[in-house]
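# Sequence plus predicted model, see below.
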Amino acid sequence: MRASDRFLPGPVLGIETSCDETAVAIVAGGVVLTNRVSSQIPVHRRFGGVVPEIASRNHLLTILPTVQLALEDVGLRGSDLAGIAVTNNPGLMGALLVGVQTAKTLAHAWQVPLLGVHHIEAHCWAVMLAPPGTASGAGDEAQDWPQPALPCLALAVSGGHTSLYRLDGAGRTELLGATLDDAAGEALDKFGKVLGLPYPAGPHIDRLAQDGDPRRYALPRGLRNRRDVAMSFSGLKTAGRLAIEAARAAGCDLSDVREQADLCASYQDAVVAQLVNTTMRAARQFELRDIVIAGGVAANSQLRADLIAACDAEGRRAWPTPAAYCTDNGAMIAGLGSSLLHAGERDDPFTLDASPTLRSSLSTRKRQRDAARLLPGS
């Protein structure tokens, strides 16, 4: 099967508003034609994290202009689209509603198919898209490109989610294990906040850690002796805070870049070690050769390097998501939506709703439709 055969050949608009990024992209045949992101990081940085109400209000201001810019990028009208995909779960309720209501309205007005997409599943599917730069306009034809073989294992790791999935196809995912408490990205951001780094702290920790000594501070590696593939970062988060407090008490100048580098290197090494060890244990346990690294933390340089090295040592193949598709973006939504639409999936623009905590897959989508048919008047 050609890589592009997993996607609709026509252009699909993807809308992502699950948290603090207003993102819109257009994908055709697995090729990203445009990928627009209106970031709210400067707005939330002064609060040290995302404020849901502020995020929702900013989505309202930017969603339609961002859609218009995306269409202008490729010279299309709304009625030219083959479909619209939108994140409808999981995420912040108010933020999700902005994207869902916009997508429903546009799909009805333009008379094009609509599909609600699972945010984390879209992160995992983003690696299936053509690499950035494959196409520059709507007239370019999709080329073939390397993709992981299915079924494969996917590590989805971000500020709000740290999970391991088996991917059998678009919409066919199985949760194998997840963190029991904090997500890895959250643990990095909270550590950086205590250390005094700007929000979001993950990229700053990654940069500082490259010049630090990961052995200077002994920090816990999490759940190493379990038979399942669960993870935990709450203990590490506490240990990291205590290490910072102990360093200050010992007279260390934590405004010194070298001191920050050692703390960041030690903490990041502990986070990455647990992620890599658990992922490789899952690959062996479920006999999966190809491993996808997805989500915002998938951009972390040490995680990518260490997981690639671990896969090479065991004869497996690592598939890091391209950096452009790691953080929240519309391309991953349009990509998964294109594949689901290609498989015949559709949602009713009058009934699709936001579900902030829903963990959906193709099988649950089918159960939802079956349940809806049993309701009075359906």
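That came through, no problem. Residues are numbered from 1 along each chain as shown.
# switch to C-alpha atoms for all contacts and neighbour counts from now on
OK.
# tell me which element Lys190 is part of?
Remark: Lys190 resides in helix 184-195, with elements defined by DSSP states H and E.
# elements contacting that helix?
Other helices and strands packing on helix 184-195, by 3 or more CA pairs under 8 Å, 6 or more residues apart in numbering; DSSP states H and E, are helix 202-209, helix 234-249, helix 257-285.
# and the angle from the first one to helix 184-195?
Looking back up the chat, that one is helix 202-209. Relative orientation of helix 202-209 versus helix 184-195 (axes from the mean of the first three to the mean of the last three CA atoms, to 10 degrees): 70 degrees.
# Then the last one?
Taking the same axes, to 10 degrees, one finds helix 257-285 and helix 184-195 inclined to each other by 170 degrees.
# Indicate which one of the helices and strands packed on helix 184-195 is closest to Cys19.
Cys19 lies closest, by CA to CA, to one member of these: helix 202-209, at 16.7 Å.
# Tell me the gap between the closest one and the middle of its chain.
Remark: helix 202-209 is offset 19 Å from the chain centroid, using CA atoms, centre = their mean, to the nearest Å.
# rewinding a little: closest to Leu175 out of the helices and strands packed on helix 184-195?
Comparing those by CA to CA, helix 257-285 comes nearest, at 11.3 Å.
# Just the mean pLDDT for the closest one, thanks.
If you average the pLDDT over helix 257-285, you get 97.
# by contact count, what packs against that helix?
Checking 3+ CA pairs under 8 Å, 6+ apart, helix 257-285 ends up next to helix 184-195, helix 202-209, helix 234-249, helix 301-314.
# With respect to burial, which of these scores highest?
With neighbours defined as mean count of other CA atoms under 10 Å, these peak in mean count at helix 184-195, which reaches a mean of 23.
# count of neighbours near Ala282?
Counted with other CA atoms under 10 Å, residues neighbouring Ala282 total 25.
# residues in contact with it?
164, 176, 229 (CA atoms under 8 Å, 6 or more residues apart in numbering).
# From what I see, the last one and Leu175 are in contact.
Yep, that's Val229 we're talking about. No: taking contacts as CA atoms under 8 Å, Val229 lies outside contact range of Leu175: 10.4 Å.
# ok, these two, which is more surrounded?
A direct count of neighbours by other CA under 10 Å for Val229 and Leu175 places Val229 higher, at 22 against 13.
# Phi and psi next, for the more buried one.
The phi/psi pair for Val229 (degrees, to the nearest 10) reads phi -120, psi 40.
# Quick one: residues contacting it.
With contact taken as CA under 8 Å, 6+ apart, Val229 is in contact with 164, 176-178, 278-279, 281-282.
# out of those, what pair is the most spread apart?
Ala178 and Arg281 (13.1 Å).
# neighbour-wise, which of these two wins?
Ala178 (22 against 15).
# Show me what that one is bridged to.
Ser163 (DSSP bridges).
# My guess is it contacts Leu164. True?
Yes: using CA under 8 Å, Ala178 is in contact with Leu164, at 6.1 Å.
# what ranges of the stretch 101-250 of the chain fall below the confidence cut-off?
Scanning the stretch 101-250 of the chain for pLDDT under 70 picks out 135-143.
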